[in-house]
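A.B. asks: model this:
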Amino acid sequence: MTTKILIQDVDIEYFNDIFELLKQLWPNNRLDYHKMQKVFDDNLKSDYKRLICAMINNQIIGFCSLTIKDNLWQQGLLGNVDELVVDEKFRGQGIGRKLMDTITDIAIKEGCVQLELDSALHREQAHKFYNNLGFTTRAYLFSKRLR
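C.D. replies: So this is what the prediction gives:
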């Protein structure tokens with residue numbers, strides 16, 4: 001018997017489980033629970049953010065977020081995948097693909113003309129995953145810490 005994977009919008013009560021997933025995504029970062037909860041709450045209220053999760057038997061096993069913004073270069077709306085994480089115990093089962101397929105459908109419905117994301121240099125398996133989904137490498141990402 002196969003267990004059904006449900007992809008759905010995120011609800012505010014899912015924060016604790018998503019926070020635990022984000023610790024897997026950024027294991028070397030010290031995450032501030034309260035700061036992250038504020039950003040999470042703000043994202044849920046935003047007209048420009050979409051948050052989805054993957055669930056099995058009411059357990060959150062994956063999370064993906066999208067930001068939609070006007071972009072002059074694209075002459076329209078650009079979707080940016082900000083986070084994608086699947087629980088380590090459930091990786092390799094197509095859950096990341098289901099999340100990305102759903103977030104792509106959302107971006108299309110919202111009128112985005114392009115979907116982008118960034119991925120840390122050391123995440124070579126993720127790069128292969130994104131290439132297999134049709135993403136191409138087209139730029140470098142530059143960061144500058146302000147605070």
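A.B. asks: name the helix or strand for the closest residue to Asp9 other than its chain neighbours, please.
C.D. replies: Sequence neighbours aside, Ile52 is the residue nearest to Asp9 in space, at 6.0 Å (criterion: Cβ to Cβ, 6 or more residues apart in numbering). Yep, even glycine has a C-beta here, placed from its N, CA and C like the rest. Taking DSSP states H and E as the criterion, Ile52 maps to strand 49-56.
A.B. asks: if we can go back for a sec, what residues are up against the residue nearest to Asp9?
C.D. replies: For Ile52, the contacting residues are Ile7, Gln8, Asp9, Val10, Phe63, Cys64, Ser65, Leu99, Thr102, Ile103, Ile106, by Cβ atoms under 8 Å, 6 or more residues apart in numbering.
A.B. asks: in terms of secondary structure, what does the helix or strand hosting Ser65 contact?
C.D. replies: Following DSSP H and E, one finds Ser65 within strand 59-71. Applying 3 or more Cβ pairs under 8 Å, 6 or more residues apart in numbering; DSSP states H and E, we find strand 59-71 packed against helix 15-25, strand 49-56, strand 76-86, helix 95-109.
A.B. asks: pLDDT of that strand, averaged?
C.D. replies: Strand 59-71 carries an average pLDDT of 97.
A.B. asks: ok, and for that strand, which residues are buried?
C.D. replies: Neighbour-count burial for strand 59-71, counted by 16 or more other Cβ atoms under 10 Å, picks out Ile60, Ile61, Gly62, Phe63, Cys64, Ser65, Leu66, Ile68, Asn71.
A.B. asks: returning to what we had before: the residue nearest to Asp9 pairs with what?
C.D. replies: Asp9, Cys64 (DSSP bridges).
A.B. asks: any idea which helix or strand comes after the helix or strand Glu116 falls within?
C.D. replies: Secondary structure assigned from DSSP H and E places Glu116 in strand 112-117. Toward the C-terminal end, the helix or strand that comes next after strand 112-117 (DSSP H and E) is helix 124-132.
A.B. asks: fine by me, we can end here.
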